[in-house]
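Visitor: Okay, sequence plus prediction incoming.
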Amino acid sequence: MAGHAQYQNEIYLRGLADEVPPFTTDPTRVESVAEAAMQPGPFGYVAGGAGSGDTVRANREAFARWRLVPRMLADATTRDLSTTVLGTEMPAPVLLAPVGVQSIVHPDGELATARAAAALGVPIVLSTASSYPMEDVAAVGGPRWFQLYWPKEPDVCASLLHRAKRAGYRVLVVTLDTWTLAWRPRDLDQAYLPFLRATGVANAFTDPAFLAGLEKSPAEDQAMAVLRWVSLFTGTDKRWDQLPFLREHWDGPIVLKGIQHPDDARRAADAGMDGLVVSNHGGRQVDGALASLDALPEIVAAVGDRLEVLFDSGIRTGADVVKALALGARAVLLGRPYVYGLALGGEEGVRHAVRGLLADLDLTLGLSGHRTPADLTPAALRRV
């Protein structure tokens, strides 16, 4: 057995020395395992959704409505999961989604995630709300994209983009659906918002344009720096006619994240964007929103030949990835599962979580009768 599936053999062989994995390989159990190991505030921040959690549940339920139809005698012994998306080569059509404030679950935060991803060749999408400056994360190496929470001051936005480009981030991912925080009961019940304690603000607090708006440094007056951060990064929605500003300050591919409606997808294509992420932010922003997977086919039909369509929200298993790819996604972004890995084992935990998903993807692809992600089409599925 070669490729990503080799991780299965490694685990079994280590069992001969009475060694078991660092934590469960069962994606349905890892959240409860992480909950037992994490503090209530950080766990609620990672696991929680908007309102009643209806959209979080809908994301998972949508995957259950699509079933794989395995094909036999397909010569799928040898598989190649590698692909290139927006100029970035990757060993499988999987990226690590932008998740902010990772130091709340492990002190090494994004640095540990970046080290694990770089060792596997898996691209990361670094959040604007990283616990560590983008340059420090870039120094780890590995393929990397930058996620932008679009600040309302143009000078700060331009400065962040310039820094990201200089630090080797290849693709800009602009999150559109989180210009203000949704009603999130898990965080509210704990009165837990890490940004107010100056966690997840490292990119701003090291940015010259941001610092230029302060009378004192963040070290001298943390409260005022935090207030400036809040005023810049929350509370202001943007407009379609502001997209050219991003193109002026970023000469690489631009992806819009949070698209759920085909008309918005068409507008993104008309605006010259290079890609989009069909996403509802893992159910964290609009309670009762359409499941991300339910939005995917219509968006692919609308714009799939004009830009790259990526997907996130609800990915837990290799089968989930296969289903999203079969419905037209070019790649998927993995979120909560690797963050639970980070909480449970730092760099090693992230590596275990991601290797497990890649092995599951590799095996599911082959056992359902396919050799490459490009072989997947809607014909591989039945809706039930």
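Guide: Ah, there it is. None of these values were measured; they are calculated from a predicted model. Numbering: from 1, shown residues only.

Visitor: now this protein, which segments are flagged as low pLDDT?
Guide: 1 (pLDDT under 70).

Visitor: show me where the stretch 101-250 of the chain has strands.
Guide: Assigned by DSSP state E, counting those that start in this stretch, the stretch 101-250 of the chain shows strands spanning 124-126, 144-148, 172-175.

Visitor: just those strands: most buried one?
Guide: Mean neighbours per residue, mean count of other C-beta atoms under 10 Å, is largest over the strands of the stretch 101-250 of the chain for strand 124-126, with a mean of 28. Backbone N, C-alpha and C define where each C-beta goes, glycine included.

Visitor: Now do that strand: which elements does it pack against?
Guide: strand 94-96, helix 109-120, helix 134-138, strand 144-148 (3 or more C-beta pairs under 8 Å, 6 or more residues apart in numbering; DSSP states H and E).

Visitor: Can you say which of the strands of the stretch 101-250 of the chain is nearest to residue 354?
Guide: strand 124-126 (10.4 Å; C-beta to C-beta).

Visitor: Just give me how far that closest one sits from the chain centre.
Guide: Centre-to-centre, strand 124-126 and its host chain are 7 Å apart (C-alpha atoms, centre = their mean, to the nearest Å).

Visitor: Tell me how many other residues crowd the nearest residue to residue 380 once chain neighbours are set aside.
Guide: Closest residue in space to residue 380, ignoring its immediate chain neighbours: residue 326 at 4.6 Å, by C-beta to C-beta, 6 or more residues apart in numbering. Number of residues near residue 326 (other C-beta atoms under 10 Å) recorded here: 21.

Visitor: repeat for residue 357
Guide: 28.

Visitor: quick revisit: now the helices and strands packed on strand 124-126 in JSON lines, with distance to residue 49?
Guide: As requested, the helices and strands packed on strand 124-126 are arranged in JSON lines below (distance: least, C-beta to C-beta, whole Å):
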{"stretch": "strand 94-96", "distance to residue 49": "20"}
{"stretch": "helix 109-120", "distance to residue 49": "22"}
{"stretch": "helix 134-138", "distance to residue 49": "27"}
{"stretch": "strand 144-148", "distance to residue 49": "19"}
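
Visitor: Figure out which of these is closest to residue 203.
Guide: helix 134-138 (5.6 Å).

Visitor: Residues in contact with the closest one: which ones?
Guide: 110-111, 114, 124, 126, 130, 144, 146, 163-164, 167-169, 203, 206 (C-beta atoms under 8 Å, 6 or more residues apart in numbering).

Visitor: Kind regards, and thank you for your time.
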